[in-house]
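Chemist: sequence? don't have it. structure:
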């Protein structure tokens, strides 16, 4: 084995170790007309998993900031952003996808985290460096769930 | 301990007297809004946003668990260090000598040409005046002394200086406050400026004021420094926190305190 090949292997190894949503695996997406049209994974979202991800404090934690009448089993809904209910009537699927991926592309000053972004951040805690808050499929799942909240 | 109770009672007696004088002009609504004491214009102490039961703990020195630290600090005051000297050797009368001191920190320190917090000042005194060793911020001597000294400013307006030599440090602290950080990419200002008064899940966001710190937090079950609170806020947004006393936090402390200049000091406050 040549030196360069060995080096390449080492680098590849460290990329794999970096986590499930490392830079190398970031899905590319296209923003047009205030939205992202295509599914990030090419697959449909899973409503049931989307609900789980949205509620989970270590994942979407959407209820930290938003309320929903359809999630009564969870106590303490936040008052920061608008109600989740009806969002899919106010926005198209493409617009919602962009808001989940990176709401700061819509409103530069928003408090809403960009759930699919792993660069251009400041002083990220070591264990989260290079990782997105949600995976591409989790974005699709939350989106599918969001569409059920009328 | 009894002593402080007396001070407090005396103070409210004076307040009562004052009210008696104004009784004819004072409206009942003014009396009803005891919260006015915790506000200066649009600036609100964290007290305003805490639960009534937590406020009640702060209101009564006998209920406030931080008063164990006050007692400890009072005892330490006259305990001799390795060179035989104690704080009392130079400041015989802490109730007078330390009055208003905490309200003006962090202060510019000509020696290091940086800002210095009260904890850093305490450590310098321990080393230079009593021949002792620096102590850690969150347990033992430091919370006791910082709370004991802080109490001597209770009720006085917070008053940090931000001009002159402090100005560049103020600017750095301000920049920190408005910079997004962490994986969640949120700045202090988002929570404490844009959405103060709103719930973030179960927590009611305050304006993030510093006039009660070091404070007893129910979550910690002990007294903690302002920098410990900063660390918590940083970790919540998945940002790498700084260590207690790091220059970044010292400058941030200056800026955060300047936002609350005029608020009455509440050390030791009780917070959730």
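Modeler: That came through, no problem. Predicted model only: the values in this text are computed from it and were never measured.
Chemist: Look at the nearest residue to residue B:170 once chain neighbours are set aside and give its secondary structure.
Modeler: Distance criterion C-beta to C-beta, 6 or more residues apart in numbering or on different chains; nearest residue to residue B:170, sequence neighbours excluded, is residue B:162 at 4.2 Å. (Glycine included, C-beta is placed from N, CA and C.) Assigned with DSSP: H, G, I helix; E, B strand; the rest coil, residue B:162 falls in the coil class.
Chemist: do you know how far the residue lying closest to residue A:94 once chain neighbours are set aside is from residue A:28?
Modeler: Once flanking residues are discounted, residue A:94 sits nearest to residue A:35: 2.9 Å by C-beta to C-beta, 6+ apart. When distance is defined by C-beta to C-beta, to the nearest Å, residue A:35 is 16 Å away from residue A:28.
Chemist: Likewise for residue B:153?
Modeler: Note on residue B:153: its distance to residue A:28, by C-beta to C-beta, is 57 Å.
Chemist: next one: residue A:149
Modeler: Applying C-beta to C-beta, the value for residue A:149 to residue A:28 is 29 Å.
Chemist: Between those two, which has more neighbouring residues?
Modeler: The residue with more neighbours, out of residue A:149 and residue A:28, is residue A:149; 19 against 5, by other C-beta atoms under 10 Å in any protein chain shown.
Chemist: Is it correct that the more buried one falls within a strand?
Modeler: No: Residue A:149 sits outside any strand when classified using three-state DSSP, being coil.
Chemist: Can you verify my assumption that it contacts residue A:82?
Modeler: No: if you go by C-beta atoms under 8 Å, residue A:149 and residue A:82 don't touch, sitting 11.7 Å apart.
Chemist: Now the spatially most central residue of chain B. Nearest residue, chain neighbours left out?
Modeler: By C-alpha atoms, centre = their mean, chain B has its centre lying nearest to residue B:213, at 2.6 Å. Once flanking residues are discounted, residue B:213 sits nearest to residue B:226: 3.9 Å by C-beta to C-beta, 6+ apart.
Chemist: Can you get me a residue count around the one you found?
Modeler: Residues within reach of residue B:226, counting by other C-beta under 10 Å, total 25.
Chemist: can you tell me how far the residue sitting nearest the centre point of chain A sits from residue A:33?
Modeler: The residue lying closest to the centre of chain A (C-alpha atoms, centre = their mean) is residue A:115, at 3.2 Å. Counting by C-beta to C-beta, the gap from residue A:115 to residue A:33 is 20 Å.
Chemist: who in the stretch 51-200 of chain B is up against chain A?
Modeler: Residues of the stretch 51-200 of chain B found near chain A (C-beta under 8 Å from any C-beta of the partner chain) are B:179-186, B:190-191, B:194-195, B:198-200.
Chemist: Which pair of the residues you listed spans the longest distance?
Modeler: Greatest spatial distance among these (C-beta to C-beta): B:179 and B:199, at 24.5 Å.
Chemist: Mind checking which of these two has more residues around it?
Modeler: Taking other C-beta under 10 Å, residue B:179 and residue B:199 do not tie; residue B:199 has more neighbours (17 against 13).
Chemist: For the residue lying closest to that one once chain neighbours are set aside, give me its contacts.
Modeler: Leaving aside its chain neighbours, residue B:199 sits nearest to residue A:79 (4.6 Å; criterion: C-beta to C-beta, 6+ apart). Shown in contact with residue A:79 (C-beta atoms under 8 Å, 6 or more residues apart in numbering or on different chains): A:65, A:67, B:195, B:198-200.
Chemist: now do residue B:160
Modeler: With contacts defined as C-beta under 8 Å, 6+ apart, residue B:160 is in contact with B:103-107, B:166, B:254, B:257-258, B:261.
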